[in-house]
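Participant: give the three-dimensional model of this entry:
(2 chains)
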Amino acid sequence: MGSFWTAALAIAAKDMKIEWRTKTAFASALVFAVLVLAVFYFARDPTAVGALDIAPGALWVTFTFAAMLGLNRAFMLESENRAMDGLLLAPIPPSAIFVGKFLGNLTFVGVVELVSLPLFILFYDLPIIRQLPALMGVIAMATVAFVAVGTLLSSMVVRTRFAELMLPVLLLPFLIPPIVGAVQLTSRVLSGRPLSDLAGWLKLLASFDIIFVILCFFLFEATLEE
Amino acid sequence: MTRRDRALALARRGQVITGIALAGLVGVFIRALVFTPIERTQGPAQKIFYVHAPAAWAALLAFAITGILSLIYLWLKDRKIDSIAAASAEVGLAFSVVMLTTGPIWGKTVWGTWWSWDARLTSTMFIFLLFIGYRVMRGAVVDPEMRARFSAVIGIMGLVLVPFIHMTVYLFRTLHPDPVLLKPSSPSMPGVMLVTLLTSVGVFTVLYVGFVMQRYAIAILRDVKEEAASAVS
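Facilitator: Okay, here's the model as predicted:
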């Protein structure tokens, strides 16, 4: 078990190091997030629609698309110079590769979200200091859901033709439950509704997280060459 | 008998079954239009129900079978199972198109709107789009063995996704009527209408079987052609 986590963390650390040295994906995802937030702010009639009404949707569309920019990168790195073959030859369980990539993607998406969240609060002028922990909890839960599914799907799509196009087509249907849940929860959290109002959606999000993380973990091996 | 002959024989049997189902469909139309009473509040518009609901049933059945076969494929690694799963998915797409076109026609007369962003409409549309993705992905993978594995993964994930989409349905407010048939209490529909509906469901199921047999035969024939082509080169 020890070597499993060592391998997984080594893969995640390797990806982080590559990203840290180039910062290309991070910079583009972040700029993209800021642009989408700004576009959404102007894509409404300010006299008719309040910023708070559009904020939850804007936040989640931004996060989803910004994350999607980053998700393909994890396995794209390995397809250069057939680096994936090296990973597969290494004496580690294949699922360690999934966990490593999953953790790497989670860190990547988490950092993008962490940087764009203050901008979101600033742009939409939201007085939400008290709700912030709850909001971050919701963000964490939904992020786990779509990074898990996204990591599995991206490991496949990078080996198909039109990889960049294929990921959103395959991934978005899977994002409906977590994103709808996250938007509903975000709007309830932002308007300061009590916790009992959130229970249904929280359960949905939590069960999606648990089931899909486990499912993706087990299915990953099936996506590899034998 | 070569593989090609067997595939052709299968296609012919599929055609016979499809023919029987199509004749049955004519019977369902006649029964629905002439021998089933007109619903009190919705008027004649409700007749489309006898196509809409069975088409939805056949589509979801098709996708469920694709999901289950995907699971079996990863276990047995038999190319035949992958081809049947793919055939079922494609037939499911065809039935989905029937469901998604008859729904709005009914909706326009009864709800006064072609489309509502109601949760169930939205979720069936997303299942439809998911399987379009499945189909598109099959076209984007060249290696047949890899294509089968990837498809199986998507199929299994789709199978697990559907209940979640259903939960999203119940949590979101909904316009769509509650189930009238598959629910714990007895069906809330007069017996005559129920018989028409169930007949139609049966006919659509047979139609599904006929279509899948033919589509599977095409997959085998294509395989045979591809093998012959690669043997030459």
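Participant: give me the neighbour count for A:Ala51.
Facilitator: Other residues lying near A:Ala51 total 15 when counted by other Cβ atoms under 10 Å in any protein chain shown. The way it works is simple: take the backbone N, C-alpha and C, and place the C-beta from them, glycine included.
Participant: need the per-residue pLDDT for it.
Facilitator: At A:Ala51 the predicted local confidence, pLDDT, stands at 77.
Participant: now A:Leu165
Facilitator: For A:Leu165, the pLDDT comes out at 84.
Participant: how close does it get to A:Phe75?
Facilitator: Computed with Cβ to Cβ, to the nearest Å, the distance linking A:Leu165 and A:Phe75 is 15 Å.
Participant: give me the distance between the spatially most central residue of chain B and chain A.
Facilitator: Computing the C-alpha centroid of chain B and ranking residues by Cα atoms, centre = their mean puts B:Ala59 first, at 2.0 Å. Here the distance between B:Ala59 and chain A works out to 15 Å (Cβ to the nearest Cβ, to the nearest Å).
Participant: just B:Gly210 next, same as before
Facilitator: B:Gly210 is 28 Å from chain A, where distance means Cβ to the nearest Cβ.
Participant: so which strand or helix has the nearest residue to that residue once chain neighbours are set aside?
Facilitator: Sequence neighbours aside, B:Thr18 is the residue nearest to B:Gly210 in space, at 3.3 Å (criterion: Cβ to Cβ, 6 or more residues apart in numbering or on different chains). In this structure, B:Thr18 sits in helix B:3-30 according to DSSP states H and E.
Participant: isn't A:Asp125 up against A:Ala51?
Facilitator: Yes. Assessed by Cβ atoms under 8 Å, A:Asp125 is found in contact with A:Ala51 at 6.3 Å.
Participant: is chain B within reach of the helix-or-strand element of chain A with minimal mean pLDDT?
Facilitator: Considering only helices and strands, the least confidently modelled element of chain A by mean pLDDT, DSSP states H and E is helix A:83-89, at a mean of 83. No. Applying Cβ under 8 Å from any Cβ of the partner chain, one finds helix A:83-89 separated from chain B by no less than 13.1 Å.
Participant: now for that helix, which elements pack on it?
Facilitator: In terms of contacts (3 or more Cβ pairs under 8 Å, 6 or more residues apart in numbering or on different chains; DSSP states H and E), helix A:83-89 is packed against helix A:51-79, helix A:94-123.
Participant: possible to save those helices as a markdown table with distance to B:Ile84?
Facilitator: Shown next, in a markdown table, are those (distance: least, Cβ to Cβ, whole Å):
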| stretch | distance to B:Ile84 |
| --- | --- |
| helix A:51-79 | 30 |
| helix A:94-123 | 28 |
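Participant: and those: which comes nearest B:Leu33?
Facilitator: With Cβ to Cβ as the measure, helix A:51-79 is the member of those nearest B:Leu33 (44.4 Å).
Participant: just the buried positions in that closest one, please.
Facilitator: Under the neighbour-count criterion of 16 or more other Cβ atoms under 10 Å in any protein chain shown, helix A:51-79 has A:55-56, A:58-64, A:66-75, A:77-78 buried.
Participant: can it be found next to chain B?
Facilitator: No. Judged by Cβ under 8 Å from any Cβ, helix A:51-79 makes no contact with chain B; its nearest approach is 12.9 Å.
Participant: that helix versus helix A:94-123: what angle between them?
Facilitator: Between the axis of helix A:51-79 and that of helix A:94-123 there is an angle of 150 degrees, by axes from the mean of the first three to the mean of the last three Cα atoms, to 10 degrees.
Participant: and helix A:51-79, what does it pack onto?
Facilitator: helix A:2-22, helix A:24-42, helix A:83-89, helix A:94-123, helix A:132-157, helix A:163-190.
Participant: buried residues in the first one?
Facilitator: Looking back up the chat, that one is helix A:2-22. Along helix A:2-22, these residues count as buried under the neighbour rule (16+ other Cβ under 10 Å): A:7-8, A:11-12, A:15, A:19.
Participant: what is that helix packed up against?
Facilitator: So helix A:2-22, by 3+ Cβ pairs under 8 Å, 6+ apart, packs with helix A:51-79, helix A:94-123.
Participant: pull that helix out as PDB, backbone CA atoms only.
Facilitator: Output in PDB follows, covering the C-alpha atoms of helix A:2-22 (Å, rounded to 0.1, in the frame of the first residue of the first chain):
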ATOM      1  CA  GLY A   2       2.900   2.300   0.800                       C
ATOM      2  CA  SER A   3       4.400   2.000  -2.600                       C
ATOM      3  CA  PHE A   4       1.000   2.600  -4.200                       C
ATOM      4  CA  TRP A   5       0.800   6.000  -2.700                       C
ATOM      5  CA  THR A   6       4.400   6.800  -3.300                       C
ATOM      6  CA  ALA A   7       3.900   6.100  -7.000                       C
ATOM      7  CA  ALA A   8       0.700   8.100  -7.200                       C
ATOM      8  CA  LEU A   9       2.200  11.000  -5.400                       C
ATOM      9  CA  ALA A  10       5.300  10.900  -7.500                       C
ATOM     10  CA  ILE A  11       3.200  11.100 -10.700                       C
ATOM     11  CA  ALA A  12       1.200  14.000  -9.300                       C
ATOM     12  CA  ALA A  13       4.300  15.800  -8.200                       C
ATOM     13  CA  LYS A  14       5.900  15.200 -11.600                       C
ATOM     14  CA  ASP A  15       2.900  16.800 -13.300                       C
ATOM     15  CA  MET A  16       2.900  19.700 -10.900                       C
ATOM     16  CA  LYS A  17       6.600  20.300 -11.500                       C
ATOM     17  CA  ILE A  18       6.100  20.400 -15.300                       C
ATOM     18  CA  GLU A  19       3.300  22.800 -14.800                       C
ATOM     19  CA  TRP A  20       5.200  24.900 -12.300                       C
ATOM     20  CA  ARG A  21       8.100  25.300 -14.800                       C
ATOM     21  CA  THR A  22       6.000  26.300 -17.800                       C
END
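Participant: what's next to that helix, contact-wise?
Facilitator: Contacts made with helix A:2-22 from outside it, assessed by Cβ atoms under 8 Å, 6 or more residues apart in numbering or on different chains, are listed as A:25-26, A:73-74, A:77, A:87, A:90, A:92-93, A:95-97, A:99-101, A:103-104, A:107-108.
Participant: which members of the residues you listed are classed as buried?
Facilitator: Using 16+ other Cβ under 10 Å, the buried ones in those are A:25-26, A:73-74, A:77, A:87, A:92, A:95-97, A:99-101, A:103-104, A:107-108.
Participant: count the residues that sit near A:Ser196.
Facilitator: A:Ser196: 7 surrounding residues under other Cβ under 10 Å.
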